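# What would the 3D arrangement of this be:
(chains A and B)
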Amino acid sequence: SAVISQKPSRDICQRGTSLTIQCQVDSQVTMMFWYRQQPGQSLTLIATANQGSEATYESGFVIDKFPISRPNLTFSTLTVSNMSPEDSSIYLCSVEAGPQETQYFGPGTRLLVL
Amino acid sequence: KNQVEQSPQSLIILEGKNCTLQCNYTVSPFSNLRWYKQDTGRGPVSLTIMTFSENTKSNGRYTATLDADTKQSSLHITASQLSDSASYICVVRLSSASKIIFGSGTRLSIRP
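Predicted coordinates:
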């Protein structure tokens, strides 16, 4: 299994500012995933972060808006840049672990942009 | 188009009652199907996983079924408890490119 922590757990931000979300895993993993979950919706994959290379972004998400760092095998950050109210959402970090490639999720960061 | 659809969107039942949640998918090529439970304010937690050859899997009071021919899955909850109140998400993995497709979830509320 994998235990994931995220910081901050929640934040209220002003439009135009940026927020960096941290994700820490208790074991070394190759890939880390960042998801967004808008109110009442399911999860949408933003990007996949591999250690030592640039993140791979899904359609509709760009690096300038959601820069990601992956400095080592247990840590990643996601920055939400130049925020607008439409960015209000829950952001979740995830990893795959074990022989069945189970996905483990962090508790999420609840972001409100005013 | 690869899609995962869940029904109902929301459900309210009394404590102690049973319920069944549905998941239909049009994902191909199929690798496996998982059911996740997501408590409010938390990340999803895996309940069950089934591959193509499995048609039932239990985890305590949770029993998942899979019909690979009709591409349908169900999650049956027996003797519901207040702590079962959560969103239940069906997730299907493609065998190519390891891509996963999330359903929109069923929001279950258990009333005392």
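# What residues does the residue in chain A that chain B sits nearest to make contact with?
Here the residue of chain A nearest chain B is residue A:105; by C-beta to the nearest C-beta that distance is 3.0 Å. From N, CA and C alone the C-beta is placed, and that goes for glycine too. Taking C-beta atoms under 8 Å, 6 or more residues apart in numbering or on different chains as the criterion, residue A:105 is in contact with A:4, A:35, A:92, A:93, A:94, B:43, B:44, B:45.
# Can you report how many residues neighbour the closest residue to it other than its chain neighbours?
If the residues on either side of it in the chain are set aside, residue A:105 comes closest to residue B:43, at 3.0 Å by C-beta to C-beta, 6 or more residues apart in numbering or on different chains. Counted with other C-beta atoms under 10 Å in any protein chain shown, the neighbours of residue B:43 add up to 22.
# Surely residue A:71 is in a helix?
No. Read with DSSP: H, G, I helix; E, B strand; the rest coil, residue A:71 is strand and lies in no helix.
# That one: neighbouring residues, count only.
Using other C-beta under 10 Å, residue A:71 has 10 neighbouring residues.
# nearest residue to it other than its sequence neighbours?
Residue A:71 sits nearest to residue A:51 (C-beta to C-beta, 6+ apart), 7.7 Å away.
# right, and the one you found touches residue A:68 too?
No. Counting by C-beta atoms under 8 Å, residue A:51 does not reach residue A:68; the two are 11.3 Å apart.
# neighbour count winner among these two?
Ranked by neighbour count (other C-beta under 10 Å), residue A:51 and residue A:68 place residue A:68 first, with 22 against 16.
# Need the residue closest to the centroid of chain A.
Using C-alpha atoms, centre = their mean, the residue of chain A that lies closest to the mean C-alpha position is residue A:34, 3.3 Å off.
# Give the full set of residues in contact with that residue.
Residue A:34 touches A:23, A:45-47, A:49, A:66, A:68, A:76, A:78, A:91-94, counting by C-beta under 8 Å, 6+ apart.
# what about the strands in chain A?
Here chain A has its strands, by DSSP state E, at A:4-7, A:10-13, A:19-25, A:31-37, A:43-50, A:56-57, A:68-72, A:75-80, A:89-97, A:102-105, A:109-113.
# Could you list every helix and strand that the longest one packs against?
Contact partners of strand A:89-97 among helices and strands, from 3 or more C-beta pairs under 8 Å, 6 or more residues apart in numbering or on different chains; DSSP states H and E: strand A:4-7, strand A:19-25, strand A:31-37, strand A:75-80, strand A:102-105, strand A:109-113.
# Pairing partners for that strand, with directions?
Here strand A:89-97 has these sheet partners by DSSP bridges: strand A:31-37 (antiparallel), strand A:102-105 (antiparallel), strand A:109-113 (antiparallel).
# now do the shortest one
Partner strands and pairing direction for strand A:56-57 (DSSP bridges) are strand A:43-50 (antiparallel).
# what angle separates the strand it pairs with from strand A:68-72?
40 degrees (axes from the mean of the first three to the mean of the last three C-alpha atoms, to 10 degrees).
# relative to strand A:19-25, how tilted is strand A:43-50?
70 degrees.
# Alpha carbons of the helix or strand of chain A with the lowest mean pLDDT, in PDB - could you do that?
Within chain A, no helix or strand scores below strand A:102-105, which has a mean of 90 by mean pLDDT, DSSP states H and E. What follows is strand A:102-105, C-alpha atoms only, in PDB (Å, rounded to 0.1, in the frame of the first residue of the first chain):
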ATOM      1  CA  THR A 102      -3.900  -0.200  -7.200                       C
ATOM      2  CA  GLN A 103      -4.300   3.500  -7.200                       C
ATOM      3  CA  TYR A 104      -3.900   5.300  -3.900                       C
ATOM      4  CA  PHE A 105      -5.100   8.800  -3.400                       C
END
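# If anything else comes up later, I'll come back, but that's it for now.
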